[in-house]
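**Q** here is my input; please provide its structure:
(2 chains)
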2 protein chains.
Amino acid sequence: MRSRLLGLIALLATCTCYGQDDSLMFRKIADEIMLHGNCYNNLRVLTKTIGHRISGSPEAAKAVIWGEKAMKEAGADKVWLQPADVPYFYRGKESLELNIGGKYETVEALSLGNSQGTDGKPLKAQIVLVHNFDELKALPDDAVKGKIVFFDYRFRQDLIFTFEGYGDAVRYRGGGPTAAARKGAVGIIIRSMSTGEDDFPHTGATHYNDSFAKVPAMSLGNRTSDRLEQALGKGPVSAIMTSEAHMMPKLVHSFNVIGEIKGIETPERIITVGGHLDSWDVGEGATDDGAGCVQAIEIIRAMKALGIKPKCTIRAVLFMNEENGQKGGQAYADSAKSKNEQHVLALESDAGGFSPRGIGLVMPAAQKDKIKSYKELFLPYGVYDFSREEGGSDIEPMNSKLKTPLAGLIPDSQRYFDLHHTNNDTFEQVNHRELKLGAAVMAQLIYLVSEHGLN
Amino acid sequence: MRSRLLGLIALLATCTCYGQDDSLMFRKIADEIMLHGNCYNNLRVLTKTIGHRISGSPEAAKAVIWGEKAMKEAGADKVWLQPADVPYFYRGKESLELNIGGKYETVEALSLGNSQGTDGKPLKAQIVLVHNFDELKALPDDAVKGKIVFFDYRFRQDLIFTFEGYGDAVRYRGGGPTAAARKGAVGIIIRSMSTGEDDFPHTGATHYNDSFAKVPAMSLGNRTSDRLEQALGKGPVSAIMTSEAHMMPKLVHSFNVIGEIKGIETPERIITVGGHLDSWDVGEGATDDGAGCVQAIEIIRAMKALGIKPKCTIRAVLFMNEENGQKGGQAYADSAKSKNEQHVLALESDAGGFSPRGIGLVMPAAQKDKIKSYKELFLPYGVYDFSREEGGSDIEPMNSKLKTPLAGLIPDSQRYFDLHHTNNDTFEQVNHRELKLGAAVMAQLIYLVSEHGLN
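**A** Residues are numbered from 1 along each chain as shown, chains lettered A, B, ... in the order given. Okay, the predicted model is just below:
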């Protein structure tokens, strides 16, 4: 009896929303991308011929030209560049020396993104260790004044979805400099927001508060952090920080890259899918977020290759400046608002090119329920989790300014924070099948929403 | 109304089977393994100090000693070695030269496991390409006689669960030599059972039929297979195969390694968990199946560290000779049967140390339903798929000889057949968090079954 009831309910919950045709189209899309997908090749070209590409840099400008070409090769009906003026963080030379064990040694370290270095001059000071903000607050000011604060907060490896661990730990990267400067510190060092069992330091954006000194800020990998923690348990340790890092004085003219397939029934209704083209100035920006870019381009390619003529207009967008300003995302939303465009959905892939597990949803409950009613269609492709409220940084302004419903690809999260913002974020870390499967799931979602809408 | 009904049904389906305590214990187990797990360190030692370890080899003997030590260090109440006589495949020197482009060049190739080489002498013959067995059958015998058959069958990348693609393609590795020899061929080359976008050849067991010649058999990676296919489209290609591969004449005395925690309420009821200690004689046998071994040991360690006193006896088994004989698995089942042991469940991890997604179940429907009723407990750990009928090769004899219910860890399958049986199956391909999460899920399942049984 129970199973009959369940069957009936399952039938009621699903049969009105999709049909056999959708299931077949899901299969066609996946076959096309798994067998003939070009996203992995595109990622190889982006990462190996351009490499990392921080906003405002010559590499970012090259990536724009590459993106335009790749969109055209994918078969987009129309490709254009959308202007966005972006900040430019310049790293320059940097080093960190620690006198662990009686003499100074140079360790692997990275200046935090947007940080103000030491004008390239050595800054020598004693290190004071705190595990968290509370410990820092509890210290008398003169225990901190003139010193370098080491925020030794560990990424919570017990949290299974690693983005939760990141959300928990990233406070120290963002707020560390101000908290330390408030007590008179002259610099900070952080244990990276890293799940890695290695020594790669992780960069990423930090912030300053104009009321306090802009102190230099560097990150250490987990192994060096462990050594420093141990050494500080035995006695005082001093550091010499040297960094040319600074923000360039002027914004740089840059672009989002946009490719479009015109809808055949309701071309005024637009579905956006994207990733971000900029990266940090380390590694190759493969996982963050070359993967999302080539997946967005792949959706254009696969739809064209399959001869799909979508009801709605499909726009693939390679956003510029996600990492330190979101100027591209804002420009896209501002343009959409000023033109009074009608946006049905915006989908972003910015959590790595790993095996898809879910689709995050930022939209009213009724729309979420509609997408969840397609659950059985997605299951053969490994996608089962529709519970997370996750979109993406670049599309967030679409939601706040135009109330556009957002979706975010949720890949397996276990490896992401081993690689995020490090020199180890390279092409080799991305698996071709995982990357393609993510693109397939994104294309499937877009197809469904284009066919059936969200209301 | 619908949601109320669903809620009621969900309640009926779950509340009788587990409680708050189980959910808390799931959390404790996961925390212990994610924060303090030793399996990744154990895998480093096994792969980096011993490396690959084919049955019968000196390395396999070292691995037995390592396993015994690791079980003791994990805190097992009792550790012992269970004898199993195993075959020993010896590879020796091997090379394959192809005259693609007018002159012979040496390509990356591996003799198939259990194959009979050329006694180390060069075997020169023309290559005949077939895509499948039907094409071979359709050829007249004199088109095959005296030639080397190239089975150019592609792994089906459209199948999302890659073990299905493997099951489809592996016929050519297993049955290729006999099918070719039946028509008078003097050797075979196969396109590897590989999802890889690379050139690693994959070895693995082949079989001979005593009625036909035991022809030498080698595998090529996908890139060389592509080149050979192209070259054969333009004109004849010859090969020179040279291989010392052969089975050693005598079985070698070897062992399963067993570690046990004695049950406190029903010690006569046994739950087995294992992986296999042998590997092919290439790479480091990290994914296949060092991962499963260290996960089994981790379960002992974590239970002891948490002070869990299981109702049933928990036995971790490192099986010997999964790859080419299953002598260890048979010895274990034979011993259990002869002692009239009572086995509640046998669980194997032999699909890689990747993020867990499901648990395969080989047992009567009522027992499956009981495990499926715990679904909500597993979901926070990324495990949602209980639909597959998968146990493991080493525990299969437990089912066929003792009717023991089987379970198999189902990790994400996308990367497995890039690495399987290749020189690229190294420690570096295993992620620490993914490995630990798999161990945690196995420990959780074992805990539940020990507490609540399967009936």
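**Q** make it CA atoms for all contacts and neighbour counts henceforth
**A** Noted.
**Q** which residues of chain A lie near chain B?
**A** Contact residues (Cα under 8 Å from any Cα of the partner chain) of chain A with chain B: A:2, A:6, A:9, A:30-31, A:34-35, A:157-158, A:160, A:197, A:355, A:380-381, A:384, A:412, A:414-415, A:431-434.
**Q** show me where the stretch 301-450 of chain A has helices.
**A** All helices of the stretch 301-450 of chain A, identified by DSSP state H, counting those that start in this stretch, fall at A:327-338, A:365-372, A:375-378, A:396-402, A:416-419, A:432-452.
**Q** packing partners for the longest one?
**A** Which is helix A:432-452. Counting contacts by 3 or more Cα pairs under 8 Å, 6 or more residues apart in numbering or on different chains; DSSP states H and E, helix A:432-452 is packed against helix A:20-36, helix A:39-45, helix A:291-305, strand A:356-362, strand A:406-411.
**Q** measure how buried A:Thr287 is and give me the count.
**A** The tally of other residues near A:Thr287 (other Cα atoms under 10 Å in any protein chain shown) stands at 29.
**Q** pLDDT score for it?
**A** Note on A:Thr287: pLDDT of 98.
**Q** part of a strand, is it?
**A** No: under the criterion used here (DSSP: H, G, I helix; E, B strand; the rest coil), A:Thr287 is helix, not part of a strand.
**Q** distance check, the nearest residue to it once chain neighbours are set aside against A:Asn340.
**A** The shortest distance from A:Thr287 to any non-neighbouring residue, by Cα to Cα, 6 or more residues apart in numbering or on different chains, is to A:Gly352 (4.7 Å). A:Gly352 sits 32 Å away from A:Asn340, going by Cα to Cα, to the nearest Å.
**Q** just A:Ala316 next, same as before
**A** As for A:Ala316, its distance to A:Asn340 is 19 Å (criterion: Cα to Cα).
**Q** between the two, which one's more packed in?
**A** Neighbour count, other Cα under 10 Å: between A:Ala316 and A:Asn340, A:Ala316 has more, with 29 against 10.
**Q** bridging residues for that one?
**A** A:Gly259, A:Val273 (DSSP bridges).
**Q** so for it, what's the pLDDT?
**A** For A:Ala316, pLDDT reads 98.
**Q** ok, it to A:Ala74 distance?
**A** For A:Ala316, the distance to A:Ala74 (Cα to Cα) stands at 11 Å.
**Q** can you check A:Leu345 too?
**A** Distance from A:Leu345 to A:Ala74, by Cα to Cα: 22 Å.
**Q** with neighbour numbers in mind, choose between those two.
**A** A:Leu345 (26 against 21).
**Q** give me the number of residues near A:Thr47?
**A** That count, for A:Thr47 with other Cα under 10 Å as the rule, works out to 22.
**Q** again, but for A:Val441
**A** Around A:Val441 there are 27 residues (other Cα under 10 Å).
**Q** may I have the predicted confidence score for it?
**A** 98.
**Q** doesn't A:Gly382 make contact with it?
**A** No: if you go by Cα atoms under 8 Å, A:Val441 and A:Gly382 don't touch, sitting 9.1 Å apart.
**Q** what do A:Ala316 and A:Ala74 both touch?
**A** With contacts taken as Cα atoms under 8 Å, 6 or more residues apart in numbering or on different chains, A:Ala316 and A:Ala74 have A:297, A:300 as neighbours in common.
**Q** report the secondary structure state of A:Ile270.
**A** State at A:Ile270, reduced to three classes by three-state DSSP: strand.
**Q** show me what contacts it?
**A** A:Ile270 makes contacts with A:312-315, A:341-345, as judged by Cα under 8 Å, 6+ apart.
**Q** would you quantify the distance from it to A:Pro405?
**A** 12 Å.
**Q** got it, and A:Ile308?
**A** Distance from A:Ile308 to A:Pro405, by Cα to Cα: 23 Å.
**Q** ok, now which ones touch A:Asp119?
**A** A:242-245.
**Q** in strands, which of those residues fall?
**A** A:242-243 (DSSP state E).
**Q** can I get the contacts of A:Asp119 in CSV with neighbour count?
**A** Shown next, in CSV, are the contacts of A:Asp119 (neighbours: other Cα atoms under 10 Å in any protein chain shown):
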residue, neighbour count
A:Thr242, 22
A:Ser243, 25
A:Glu244, 19
A:Ala245, 25
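**Q** for the contacts of A:Asp119, give me a markdown table that also has pLDDT and distance to B:Asp226.
**A** What follows is the contacts of A:Asp119, written out as a markdown table (pLDDT from 0 to 100; distance: Cα to Cα, whole Å):
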| residue | pLDDT | distance to B:Asp226 |
| --- | --- | --- |
| A:Thr242 | 98 | 51 |
| A:Ser243 | 98 | 50 |
| A:Glu244 | 98 | 49 |
| A:Ala245 | 98 | 48 |
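**Q** tell me which of the contacts of A:Asp119 is nearest to A:Asp281?
**A** Using Cα to Cα, A:Ala245 comes nearest to A:Asp281 of those, at 11.6 Å.
**Q** what separation do you get for the closest one and chain B?
**A** 33 Å (Cα to the nearest Cα, to the nearest Å).
**Q** hmm, that residue is touching A:Phe89, no?
**A** Yes: counting by Cα under 8 Å, A:Phe89 is a contact partner of A:Ala245 at 7.4 Å.
**Q** joint contacts of the two?
**A** What both A:Ala245 and A:Phe89 touch, as defined by Cα under 8 Å, 6+ apart, is the set A:Asn114.
**Q** pull out the buried residues from stretch A:159-171.
**A** Under the neighbour-count criterion of 16 or more other Cα atoms under 10 Å in any protein chain shown, stretch A:159-171 has A:159-160, A:162, A:165-166, A:168-170 buried.
**Q** would you confirm that A:His207 contacts A:Arg171?
**A** No: with contact defined as Cα under 8 Å, A:His207 does not reach A:Arg171; the gap is 10.3 Å.
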